[in-house]
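> What shape does this take:
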Amino acid sequence: MDINEAFDTVHGNLKDMPVKYCQWKTVSNGCVHSKSLNDYRAQFSFMDPWDLQMRDNLAELRFVLDYHCSIFALIKPGLTFMNHHKLVIMQIVGAICEGLLYYLCDKKFSASQEANIFWKENKNRSSAGMGFFLEKTKNLRCLEDSSIEWLQHLRELRNTVHARGLSNDKIRWDENPIMAADVTETITHLDKFIEEVKGMAL
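Sure thing, here's the model as predicted:
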């Protein structure tokens, strides 16, 4: 089969993507298991019953993330296309982490009546994004220093979802250590962070 036929086979039929590229499929005892959206919801089940909508949103983002990573691995783009597709992947990772930080802050601040007043007044402001939630999480001192450092680098990439973020001289996203890392390494780091937040929530 030549390359055109190979891509034509996958085109419009993601179920035919080879398992080695397909991030939402696993092989166990010779059988292929394809993860459903419910499997991704289960990864965020620690949010039940706090916010089922947030749980579902993060599950869908995590599913979409696997889709992007699969296409990235299959196509293996180079140069500019690689950088920008990788950047899109990191923006999705950042969106998931933003939701996790929001959840963590809400759980922690709600436990304190005095802090909860400030939190309720500020958590839904239009300017409250990943940077805001990260700063509040740092104040709570509930994350490892290594996680804080990783999240700070991720925040720079998350901000590039805004057009101005791509041209901000203070943010050299092409020199960001997360951009320099392999995509699979970042996804592994994300899943560990999800487990870290889960552990603090229980």
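
> K108: neighbour count?
By the measure other C-beta atoms under 10 Å, the count of residues near K108 is 19. For every residue, glycine as well, the C-beta is placed using N, CA and C.

> 23 is where my numbering starts, stick with that
All set: I'll call the first residue 23, so the last point we hit is now K130.

> which non-adjacent residue is nearest it?
By the measure of C-beta to C-beta, 6 or more residues apart in numbering, the closest residue to K130 outside its immediate chain neighbours is L162, 5.2 Å from it.

> who's in contact with that neighbour?
Contact analysis of L162 by C-beta atoms under 8 Å, 6 or more residues apart in numbering lists L126, C127, K130, F131.

> and if we set it to 10 Å?
Each residue near L162 by C-beta atoms under 10 Å, 6 or more residues apart in numbering is listed here: L126, C127, K129, K130, F131, A137, M222.

> where do the strands sit along this protein?
Ranges of strands in the chain, per DSSP state E, are 47-50, 53-56.

> Could you dump these into TSV with mean neighbour count and distance to V205 added?
Formatted as TSV, those follow (neighbours: other C-beta atoms under 10 Å; distance: least, C-beta to C-beta, whole Å):
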stretch	mean neighbour count	distance to V205
strand 47-50	12	17
strand 53-56	10	21
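
> My guess is S58 contacts Q65. True?
No - between S58 and Q65 there is no contact under C-beta atoms under 10 Å: 11.9 Å.

> By mean pLDDT, flag the weakest helix or strand of this protein.
helix 135-144 (a mean of 71; mean pLDDT, DSSP states H and E).

> Nearest the geometric middle of this structure, what residue?
Geometric centre of the chain, nearest residue: V115, 2.2 Å, by C-alpha atoms, centre = their mean.

> State the distance from L80 to K37.
Distance of L80 to K37, computed by C-beta to C-beta, to the nearest Å: 24 Å.

> if you count what's nearby, which of these two comes out ahead?
L80 (24 against 8).

> Nearest to H107 among the strands of the chain would be which one?
Of all those, strand 47-50 sits nearest to H107, with 20.5 Å by C-beta to C-beta.

> per-residue confidence averaged over that closest one?
On average, the pLDDT along strand 47-50 is 86.

> Check which helices and strands it sits against.
Here strand 47-50 touches strand 53-56, going by 3 or more C-beta pairs under 10 Å, 6 or more residues apart in numbering; DSSP states H and E.

> quick one: strands adjacent to the strand it packs on?
Strand 53-56 sits in its sheet next to strand 47-50 (antiparallel), going by DSSP bridges.

> Fine, thanks again, bye for now.
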